[in-house]
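Asks: Got a predicted structure here, sequence first:
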Amino acid sequence: MKVGVVGAGIFGIAAALALRERGHAVAVFDQGPVPHPHASSTDVAKAIRRTSYASANDTYVELVERAARQWREWQTRFGTTVYHRTGGLTILPSFAPGSPMYESWRYLQARGATDAEVLSAPEVRARFPQFTVRDDEVGFYDGWRGYLESGRAVTLLARLARAEGVEIHEETPVLRVEDDADGGRVVVAHGVHSFDRVVVAAGVWVGRLLPHIGCHVEVTRQQMMFIEVENPGRFVGGTLPVWSMEPDTDSWYGFPLLREGYVKVSKDLLGEVVDPDVDRSSTPEFVEQAMVFLHRRIPEMAAGKVVGSRSCLYANTPDDHFVIDWVPGSQRILVAGGGSGHGFKFGGSIGAVIADAVEDKDNPLGRLFRIGERLRAGDRRQSRVARGFAQPVATAPPSPQ
Ligand SMILES: Cc1cc2nc3c(=O)[nH]c(=O)nc-3n(C[C@H](O)[C@H](O)[C@H](O)COP(=O)(O)OP(=O)(O)OC[C@H]3O[C@@H](n4cnc5c(N)ncnc54)[C@H](O)[C@@H]3O)c2cc1C
């Protein structure tokens, strides 16, 4: 088949590679350079974890474990490292049955995982003295967790895709996608490209091409900042794991020292709803708030120098699950996205799920992402609650971002 892919973020590039591997002729279109500086995939680091998927463990844990194997294989082909297994620590107010982390832990135990541990506050302090931990808090440490150098990974995957014969058209905004009896058409400024099937992997811009899907996707602005620390040895991967705080502490999270020479700090609590083309700078309030948090919880990090900050956008579906399915009423145009703030890590395995959908093959790992009854009229993510794949949990008051 001839397949057109709109968007060269992680969903689009992974789909293109998987489809090409199956012998299809694939052309990818991106509105900008690849990686696009405003794509959600273009970032210094994204976490890879197998926890917090309590309501859908079977799908996500299987997918992320497959993805991790593929990331390793890819980086062997790249000849450089993009996947760092540093371990990950979450600090929780409690570890109660029913909470996403507890249920994840039980699930991982049943699956035979031996590297996930629950730590008391004194144990957290002894192993990770960078953190200030309250006596009543609990640490959940998963040695499997780590991070991906996401922007570099997209660059390298695009190079791989080209080497495999995928055509990539940069600086080529797609104006419309059209469905006709013979296939799908991709309309760009200087012409129309015809395909048997078209995959729309346009991230937060999905509503521009598919408004009836986009109206269910809430785009939120998430801010981050970068700090040059004074004593880098205290923050290298392993000594400092990927870390996160539960929603009652505003869902702050961060990474160990990155290749770029700084650490990244961000917040998973949903930010304000914005237009996909919003300015990507950050607000002084965010930086101030982050510093207040760091002084309280990771004082040595707060002593460092802020060397940058920016925003990145989440494309949130009503239930936080991705959307990989034919656009309602079409068998030629497929939508793949709705990353909902957790999509990058699955880059190693989501391509096969998308390719199966394009080929109309049932893949049990793709069923969760079918549209079915998920996108009902008026159904939209309720912003300003923490994510968690369960009922919205009580959170701290909305941040003043
Ligand atoms: C702050 C932040 C932190 C995150 N942290 C994590 C994390 O720790 N772990 C994790 O797994 N995930 C994380 N995510 C989520 C992850 O980044 C996204 O789920 C994923 O990158 C989405 O990929 P995508 O391909 O759908 O979209 P994108 O990467 O945005 O790619 C979409 C592409 O489509 C192109 N495009 C759009 N419209 C058109 C058009 N009309 N014509 C041509 N091209 C077009 C764009 O230029 C872009 O390149 C985070 C996201 C953010 C914002």
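Replies: Structure received. Residues are numbered from 1 along each chain as shown.

Asks: Out of the helices and strands in this structure, which is least certain?
Replies: When the helices and strands of the chain are scored by mean pLDDT, DSSP states H and E, helix 100-110 comes last with a mean of 89.

Asks: Please export the C-alpha coordinates of that helix as PDB.
Replies: Extracted as PDB, the C-alpha positions of helix 100-110 are listed here (Å, rounded to 0.1, in the frame of the first residue of the first chain):
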ATOM      1  CA  PRO A 100      -2.600   3.900  41.000                       C
ATOM      2  CA  MET A 101       0.900   3.300  42.400                       C
ATOM      3  CA  TYR A 102      -0.200   0.600  44.900                       C
ATOM      4  CA  GLU A 103      -2.100  -1.200  42.200                       C
ATOM      5  CA  SER A 104       0.800  -0.900  39.800                       C
ATOM      6  CA  TRP A 105       3.100  -2.400  42.400                       C
ATOM      7  CA  ARG A 106       0.800  -5.300  43.000                       C
ATOM      8  CA  TYR A 107       0.500  -5.900  39.300                       C
ATOM      9  CA  LEU A 108       4.300  -5.800  38.800                       C
ATOM     10  CA  GLN A 109       4.700  -8.200  41.700                       C
ATOM     11  CA  ALA A 110       2.300 -10.600  40.100                       C
END
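
Asks: Can you name every helix or strand that it contacts?
Replies: helix 57-78, strand 116-120, strand 138-142 (3 or more CB pairs under 8 Å, 6 or more residues apart in numbering; DSSP states H and E). Using the backbone N, CA and C atoms, a C-beta is placed for each residue, glycine as well.

Asks: Show me what the helix or strand just after the longest one is packed up against.
Replies: The reference is to helix 57-78. Downstream of helix 57-78, the first helix or strand assigned by DSSP states H and E is strand 83-84. Counting by 3+ CB pairs under 8 Å, 6+ apart, the packing neighbours recorded for strand 83-84 are helix 57-78, strand 146-148.

Asks: Can you say which of the ones you listed is nearest to residue 192?
Replies: helix 57-78 (33.4 Å; CB to CB).

Asks: So what's the gap between stretch 306-317 and the chain middle?
Replies: Chain-centre distance of stretch 306-317: 12 Å, with CA atoms, centre = their mean, to the nearest Å.

Asks: what about that stretch and the ligand, touching?
Replies: Yes - residues of stretch 306-317 contacting the ligand under CB under 6 Å from any ligand atom: 312, 313, 314.
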